[in-house]
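[1] my questions are about this predicted structure, shown below with the sequence.
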Amino acid sequence: MSIKGRDILMIDDDPSITALVGKVLENVGLLFRIATGLEQAFYSLRVQIPHLIILDLMLGNEESGLTFLERRRLDPQLNAIPVIILSAVKEKKVVNRALSYEGVDYLLKPLNAKLLLQRVRKNLLGVAAKRVVFADEDRPAVLAQIDGQVESINEVSCTVLAGMKMQVDAPVKIKSSFFENFFGDNVQFITMGQSEFVEDGQFRARILFRGITEEQARKIRLAKWKK
Amino acid sequence: MEEVKSEKIFIISIDDDVDFNLLLSNRLKNHGIKIITTSTAIEFADTLKSNPTPDLCIVDLNLTERPGAGLTLIEAMTIKYPQLPIFVMSRRRDGADIIAALEAGALDYLSKPLDVDLLLSKIEHNLKTKVENFVQLPLLKIANFASNCTLFANFKIREINEFGIILDCVNFMAKGAMVKLFGEIISEIFQEESVLLRVHDVTLQRETGRFYSFLEFASEDQRLNQSVRNWLDDQLGSGILQKS
């Protein structure tokens, strides 16, 4: 499963480290934002819940990272967000206290980008994405539009290349300024047989014109003779 | 009435133009097609009764027996013989006529004067058969720049999550295809008429034979991602974090 598009909040007041971490994470398609202190962090969390928090323990030379973890513990919604502590603090007592909170991982500075990415990926994959699943009878309808190309044409049919395999022997709705050169709304389009796989991302469908007049067929024939 | 027992393509037609009937019969005979031409509704009905399974019926839309006789005949045939393919022929080129004929149940429409190649081509395609002594009409290859088209299909949304939309489709969409979605729910979530997404993955649902296509949100489009997450928060009731 891809982690692209997931949202990371980093709480750290060191711009050199946040710039570096930001670069690493954005390179793999993650969304990255920064808070330099606790109040800014909580403001940011009120705006949008991230998928993961990267936290420095020493914010403004105080162990306010631990204060954050304590406030997080008291909020069920915050407590569900995994935290990776990225800190220069090695003192066993502090590290153990940090790790005693739920969903917390610990990495020592200086930054090891590869290790950080590994831990980020591991923690993100454990987070269930928010989703709404619709029951069969409630599924909202959408109209999908896919671009294609009319590849060839004769008086009764054409071939179309597109990134979609069409249903067999079924009506299909196609719009093209190319067709407007030859006919108007009276012509219906019906697929003929199976679409043929052409190459990655492309299928060729043969489409029958239904209701084409002799005059319209003649226009196509003339175009063929001109060629 | 004449009864036909043969493996050849077999057609019954009705047209009150006797000359046209002769022309049609002669031209189709060259291609191994057996045709019984009739010129009145009664004769046509009797022929059909004796030979209830022709491969195709050709009906002149402009029968002079009475106004609208051709259309009435087609409507009656589609009720009594729902599986019977019908082509309509007409001297008129009125788009409304064509639409009326197709809506009445005709499979296709041909203009007079008779274009045999067109007729034979439509017979081959619609009946999925090969006509003797007939080479299909050649296809004209189109220059790339002139030929863009747009295909439309109606789908249902199975799921919306933070990373994309899962569509329930009868059509298989290729991975990497770009799809533009329109609909009320799209406008509701994105405050735009449409959204353009890439097909990331497709799975087949064996029980139904349908496909679940996962269309991914572009991770770099922050506004799009924000919109869907806000919508999900509203739907799921999590709302905005309260200050502790």
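    Right, received. Where do you want to start? Numbering: from 1, shown residues only, chains lettered A, B, ... in the order given.
[2] does residue B:20 sit in a helix or strand, and which one?
    helix B:18-29 (DSSP states H and E).
[3] show me what contacts the residue of chain B found nearest chain A?
    Here the residue of chain B nearest chain A is residue B:177; by Cβ to the nearest Cβ that distance is 2.9 Å. To be clear about C-beta, it is placed using only N, CA and C from the backbone, and glycine gets the same treatment. Each residue near residue B:177 by Cβ atoms under 8 Å, 6 or more residues apart in numbering or on different chains is listed here: A:146, A:162, A:163, A:164, A:201, B:198, B:199.
[4] so can I have TSV of those showing distance to residue A:153, pLDDT and neighbour count?
    Output for the contacts of residue B:177, formatted as TSV (distance: Cβ to Cβ, whole Å; pLDDT from 0 to 100; neighbours: other Cβ atoms under 10 Å in any protein chain shown):
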residue	distance to residue A:153	pLDDT	neighbour count
A:146	19	95	20
A:162	15	93	28
A:163	20	91	22
A:164	19	91	27
A:201	23	79	17
B:198	29	92	16
B:199	27	91	23
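[5] can you add secondary structure and give the residues you listed back as CSV?
    Output for these, formatted as CSV (DSSP: H, G, I helix; E, B strand; the rest coil):
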residue, secondary structure
A:146, strand
A:162, strand
A:163, coil
A:164, strand
A:201, coil
B:198, strand
B:199, strand
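[6] quick check, nearest of the residues you listed to residue A:173?
    Proximity of the contacts of residue B:177 to residue A:173 (Cβ to Cβ) peaks at residue A:146, which lies at 11.0 Å.
[7] what are the bridge partners for the closest one, then?
    Here residue A:146 shows beta-bridge partners residue B:151, residue B:179, assigned using DSSP bridges.
[8] separation between residue B:189 and residue B:234?
    Separation of residue B:189 from residue B:234 (Cβ to Cβ, to the nearest Å) stands at 10 Å.
[9] widest-spaced pair of the contacts of residue B:177?
    Greatest spatial distance among the contacts of residue B:177 (Cβ to Cβ): A:162 and B:198, at 14.8 Å.
[10] list the contacts of the helix holding residue B:20.
    B:11, B:13, B:15, B:35, B:37, B:38, B:39, B:58, B:60, B:112, B:114, B:116.
[11] could you turn the buried ones of the residues you listed into a PyMOL selection?
    Burial among these is assessed by 16 or more other Cβ atoms under 10 Å in any protein chain shown; the matching PyMOL selection reads:
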select buried, chain B and resi 11+13+15+35+37+38+39+58+60+112+114
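[12] in strands, which of the contacts of helix B:18-29 appear?
    B:11, B:13, B:35, B:37, B:38, B:58, B:60 (DSSP state E).
[13] beta partners for the last one?
    Here residue B:60 shows beta-bridge partners residue B:89, assigned using DSSP bridges.
[14] go on, the first one?
    With DSSP bridges as the criterion, the beta-bridge partners of residue B:11 are residue B:35, residue B:56.
[15] I'm done for today, thanks for sticking with me.
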